[in-house]
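J.: All I have is the shape, not the residue letters:
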């Protein structure tokens, strides 16, 4: 994920401060996958070793509960051009990570790397993993939106939004990492579309405008964001700005792609020009909400 959409000014430092100071003597593991991979035990950051060892840990964390065979791990870390020593390096890296992540005191389960005939599997135990928390919040929020529990959906998706502090395992290379970043980025944007839809459905048009302005600026070709922003502006008594936004979006498409806006955006533009009063009541949460396609994976 390329970054959080309009995080509150104090939220990143506040969350990290809580991570470092909450229950001062705690030895529980905290694992951050958004942004650079970071692992700490209590207030102490752990040195995760060389890049490939860090990347191997990232692969296991991104496949919770699943076994990863040696050949599969080799492809995930190097692709087709793996070195002859790849298997030995994998074994050495696993050994180093096991020693690093083993349970501490006070009944902590820690994180354990298991081996079976199918490959390596990481059990995160009682570790606090930001990526897992994001997934739980987002999946539950999408399901709430689908079921019409809009206030609950808004709260859950907003909490999920503030957890995405940067690209997934930023700075680590490997074919799997690239694929996961692309997939999770698309998932994140879909989650944020639903959050904006829910805010408009709840009548919080002005609250949605800053989020959508940022999204349209950062992802100018993603027309669902533009559609939602035009509607939010119209409902916030900023109809002229909605028309300007459409004109700018259309000009960009014509100049860069030689194409016109999609049918949904053109239809909304026409209704804005006609001052259609039904736009104030137009449902925004779509029937094809992704909530029924995703399940809580952890």
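T.: On my side now, so go ahead. Predicted, not measured: the structure shown is a model, and the values here were computed from it.
J.: Helices along the stretch 1-150 of the chain, start to end?
T.: Secondary structure of the stretch 1-150 of the chain (DSSP state H, counting those that start in this stretch): helices at 11-21, 51-61, 70-78, 86-101, 130-146, 150-161.
J.: Let me see the contact set for residue 100.
T.: Shown in contact with residue 100 (C-beta atoms under 8 Å, 6 or more residues apart in numbering): 39, 46-49. For every residue, glycine as well, the C-beta is placed using N, CA and C.
J.: how about a markdown table for those, with distance to residue 187, pLDDT and neighbour count added?
T.: Below are those laid out as a markdown table (distance: C-beta to C-beta, whole Å; pLDDT from 0 to 100; neighbours: other C-beta atoms under 10 Å):
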| residue | distance to residue 187 | pLDDT | neighbour count |
| --- | --- | --- | --- |
| 39 | 23 | 95 | 23 |
| 46 | 28 | 93 | 15 |
| 47 | 31 | 94 | 7 |
| 48 | 25 | 94 | 20 |
| 49 | 29 | 94 | 15 |
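J.: will you turn the helices of the stretch 1-150 of the chain into JSON lines that also has mean pLDDT and distance to residue 201?
T.: Shown next, in JSON lines, are the helices of the stretch 1-150 of the chain (pLDDT from 0 to 100; distance: least, C-beta to C-beta, whole Å):
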{"stretch": "helix 11-21", "mean pLDDT": "42", "distance to residue 201": "25"}
{"stretch": "helix 51-61", "mean pLDDT": "96", "distance to residue 201": "35"}
{"stretch": "helix 70-78", "mean pLDDT": "94", "distance to residue 201": "40"}
{"stretch": "helix 86-101", "mean pLDDT": "93", "distance to residue 201": "43"}
{"stretch": "helix 130-146", "mean pLDDT": "96", "distance to residue 201": "9"}
{"stretch": "helix 150-161", "mean pLDDT": "97", "distance to residue 201": "6"}
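J.: of all the ones you listed, which lies closest to residue 267?
T.: Between residue 267 and these, the shortest separation by C-beta to C-beta is 23.0 Å, and it involves helix 130-146.
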